[in-house]
Each structure stands twice: as structure tokens, then as C-alpha cells.
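Peer 1: Attaching a predicted model along with its sequence, questions to come.
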Amino acid sequence: MSDLNLPVLDFALLDAGPEQAALFREQLRVATHDVGFFYLTGTGISGELEERLHRAARDFFALPEADKLAIENVTSPHFRGYTRIGGERTQGEVDWREQIDIGPERDAVTDPEAPDFARLIGPNLWPAAQPELRDVAIAWQEHLTVVARTLLRAWALTLGAPEDYFDEHFGEPSTLLKIVRYPGSTSPEPAQGVGAHKDSGVLTLLWVEPGKGGLQVERDGQWVDAPPVPGAFVVNIGEMLEYATGGYLIATNHRVVSPRHPEDRISVPFFFNPALDARLPLIALPPQLAAQARGVTQDPTNPIHGLYGENALKSRLRAHPDVAERWHADLLAARA
């Protein structure tokens with residue numbers, strides 16, 4: 001794997017004794033300080049569960065259009081459900097993909113005094129024609145939630161904080177699972193599957209269909225390929241972890257280039273984030289790490305909020321303008 005453009009970390013080292021666990025934490029710190037991205041092997045995800053997820057994704061996107069549109073996200077004020085091809089934006093440009101968004105299963109908040117970001121809380125939309133999708137999605141999220149919590153404890157220790165630092169400040173996690181299909185492009189130029197962006201939360205664990213490339217990560221001002229590695233997730237940190245470390249850890253731009261027709265590509269990112277009402281305080285880094293902190297990225301077009309709910313709402317309003325215009329015109333007017 002020495003020719004890969006991203007570091008490779010073995011999650012199993014955390015259970016291989018104190019020295020190996022310390023080695024993993026050091027590799028984790030370096031990878032996310034230098035790159036913000038890495039491959040993660042040894043997570044214990046079974047091949048059987050991967051196959052169930054892959055098959056469920058393929059079966060969902062093969063449903064008749066009417067079955068998918070029955071749960072279209074424009075019917076959900078909480079940005080849940082199916083997004084048709086071309087229904088999402090990055091940096092104002094159309095992303096060429098279709099997907100289903102699945103979050104925590106909650107009742108909608110009806111309190112008129114609730115903060116704006118409470119509008120993201122609500123029920124999922126599940127396809128009636130494919131009841132098995134719900135079971136595999138829940139199983140996938142449960143397993144990756146354990147992986148994500150363990151990674152955050154490892155980060156806390158290697159950054160000089162108590163092991164339970166993120167547990168203490170996370171509250172009830174706000175998760176998001178996207179099951180995505182990128183159709184092939186016939187354009188002679190590389191097409192935008194997803195435009196360049198940074199994730200707005202804390203941590204992303206990405207499963208990519210074996211043998212299918214397209215993900216690219218920005219390193220030293222250049223776009224480099226991050227092809228799938230068998231049995232591995234692609235992991236990256238988001239803006240909230242950059243915020244919590246004063247820029248010592250870095251959220252990195254990435255994008256997806258559409259496959260060439262007639263190929264397509266399945267991709268399943270899992271976003272693990274704090275409660276919407278959680279505000280991550282800055283970690284008091286050890287002096288040798290604090291000296292290397294670069295400060296939080298300052299981009300007037302993309303402010304990073306310390307309160308996770310504001311960061312999440314910013315991202316959803318921007319990415320799904322049709323949902324925003326239908327259900328949240330008052331928020332758009334207030335932010336204009």
C-alpha cells in the first residue's frame with residue numbers, strides 16, 4: 001500500500017496492547033494534522049454486512065422512479081429521504097448523483113421557540129417497496145457509531161485531553177447516513193459528482209464500492225486520487241474537529257469525479273457529529289502541539305460555527321435549495 005496517496009491505519013492496534021495502541025494514536029494524530037484523511041482497516045465490519053449494504057443500495061436505486069420519488073426529500077422539512085440526480089448543490093454547482101439521507105429517528109420539534117437548527121430533527125422517510133433497507137441501515141450505523149466513539153477517545157488522548165473529552169461534550173450524537181449512487185458521465189471532461197468541499201461536522205467514515213474510484217483529496221494544492229482499499233474505510237475529519245483543536249487538526253477539501261458511462265459507483269458516507277445543541281470547547285493542547293496549531297480556517301463564504309447545529313443547518317440549507325425554499329423560506333430571508 002506504499003503507493004497510496006493517504007496514510008493507512010489499522011484500527012485493530014487499539015486492542016493489541018498498550019504499545020500498539022499508543023502507536024495507533026500517534027499515527028492518528030499525524031495523519032489528521034498533516035492530511036485530514038486516512039484509510040482505516042481492521043474495524044471488524046463483516047464481509048456479510050458489507051454485502052448486505054451493497055445489495056440494499058443497488059436494490060434501492062433500481063426501484064421504479066415512482067417508488068423513489070414517493071420519499072423525495074422535498075416532502076421532508078428535515079432534509080430526509082431521496083434526492084434525485086441533480087438535486088443537490090456544492091458551492092452552488094449541481095452535484096451529479098442520487099441518494100437517500102438517513103438520520104436519527106426522532107419526532108419533529110413543534111416548539112415555536114426552538115432554535116432554528118431544531119428543524120433538522122424529525123423522522124426518516126423509508127421506501128415502502130424495500131423494507132429491508134431500514135434493517136441494514138440501522139445495523140451499519142450501530143457498528144460505525146462504536147468505531148467513531150473509539151476513534152474520538154483515541155484523538156482525545158493523543159491531543160492531551162482526558163479520554164472521555166468528546167463523550168462529555170457530544171451529548172446524543174447527531175448522525176447522518178447517505179447512500180449514494182454516482183451515474184456515469186458521457187462528458188469528455190471530468191464531471192462533478194460532488195464539488196470540492198469540507199465536511200461540516202466532526203468525523204466521516206466512508207465506504208466505497210470495491211474497485212470504483214473517483215474520490216479525490218486536496219494535498220499541497222493538488223488533487224490526488226483516493227481509490228478504495230479492500231476492507232478499509234476512508235476517514236476524514238470535518239470543520240468541527242478543526243475548530244475544537246484551533247486548527248491543529250485540519251479539515252481538508254475533497255471532491256468526487258463522476259465515473260465514465262456506462263459505469264456507476266455506490267458510496268456510503270456515515271457522518272458522526274455531536275448533538276445539535278452541543279458546542280465543542282477548544283481543547284487545551286500540550287505546548288508542543290499548540291505551537292503547531294494553524295488557527296481555524298477563515299472563509300467569509302463558509303463560516304465555521306462552534307455550535308454544531310448552526311454548522312449543520314448552514315450545510316443543509318446550502319446543499320438542498322429546493323427543500324430550503326419550500327420549508328424554510330424565513331431562514332433563507334434572515335440569512336440573505
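Peer 2: Perfect, thanks for sending it. These numbers were taken from a predicted model, which means no experiment stands behind them.

Peer 1: Mind giving me the packing neighbours of the helix or strand hosting N311?
Peer 2: Using DSSP states H and E, N311 sits within helix 308-319. If contacts are counted by 3 or more C-beta pairs under 8 Å, 6 or more residues apart in numbering; DSSP states H and E, helix 308-319 sits against strand 88-90, strand 174-182, helix 239-244, helix 321-327, helix 329-335. Heads up, the C-betas are built off the backbone N, CA and C, glycines and all.

Peer 1: Please repeat the previous calculation with a cut-off of 10 Å.
Peer 2: Packing contacts for helix 308-319, counted by 3 or more C-beta pairs under 10 Å, 6 or more residues apart in numbering; DSSP states H and E, involve strand 88-90, strand 174-182, strand 192-197, helix 239-244, strand 265-273, helix 321-327, helix 329-335.

Peer 1: Which parts of this protein are helices?
Peer 2: For the chain, the helices defined by DSSP state H occupy 18-34, 47-61, 65-69, 132-158, 165-170, 239-244, 287-290, 308-319, 321-327, 329-335.

Peer 1: winner for burial among the ones you listed?
Peer 2: Of the helices of the chain, the one with the most neighbours on average (mean count of other C-beta atoms under 10 Å) is helix 239-244, at a mean of 25.

Peer 1: Please write out the alpha-carbon positions of that one in CSV.
Peer 2: In CSV, the C-alpha atoms belonging to helix 239-244 read as follows (Å, rounded to 0.1, in the frame of the first residue of the first chain):
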residue,chain,number,x,y,z
GLU,A,239,-14.7,21.5,10.4
MET,A,240,-15.8,20.9,14.0
LEU,A,241,-12.7,19.0,14.9
GLU,A,242,-10.6,21.7,13.2
TYR,A,243,-12.5,24.2,15.4
ALA,A,244,-12.0,22.2,18.6
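
Peer 1: What count of nearby residues applies to the nearest residue to V224 once chain neighbours are set aside?
Peer 2: Excluding the flanking residues, the one nearest V224 by C-beta to C-beta, 6 or more residues apart in numbering is N5, at 4.1 Å. Residues contacting N5 under the criterion other C-beta atoms under 10 Å number 16.

Peer 1: Was I right to think N5 contacts V234?
Peer 2: No: taking C-beta atoms under 10 Å as the definition, N5 is not a contact partner of V234, at 11.0 Å.

Peer 1: residues shared between the contacts of these two?
Peer 2: The contact sets of N5 and V234 overlap at 37, 39, 217, 226-227 (C-beta atoms under 10 Å, 6 or more residues apart in numbering).

Peer 1: For A108, state which of those is nearest.
Peer 2: Using C-beta to C-beta, F37 comes nearest to A108 of the shared contacts of N5 and V234, at 35.0 Å.

Peer 1: what's near enough to touch the residue nearest to V224?
Peer 2: Contacts for N5 (C-beta under 10 Å, 6+ apart) come out as 35, 37, 39, 216-217, 219, 222-227.

Peer 1: Same question for D135.
Peer 2: 52, 56.

Peer 1: Please report the distance of it from Q298.
Peer 2: Here D135 is placed at a distance of 44 Å from Q298 (C-beta to C-beta, to the nearest Å).

Peer 1: just to revisit the earlier point, tell me which of the helices of the chain sits nearest to D199.
Peer 2: Closest to D199 of the helices of the chain is helix 239-244 (C-beta to C-beta; 6.9 Å).

Peer 1: I'd assumed T75 was in contact with L69.
Peer 2: Yes: assessed by C-beta under 10 Å, L69 is found in contact with T75 at 9.2 Å.

Peer 1: which neighbours do these two share?
Peer 2: Shared contacts of L69 and T75 (C-beta under 10 Å, 6+ apart): 81-82.

Peer 1: Quick one: low-confidence residue ranges for this protein.
Peer 2: Residue ranges of the chain with pLDDT under 70: 1-3.

Peer 1: Go again with 50.
Peer 2: Residues of the chain meeting the criterion pLDDT under 50: 1-2.

Peer 1: any idea how far A324 is from D95?
Peer 2: With distances taken as C-beta to C-beta, A324 is found 15 Å from D95.
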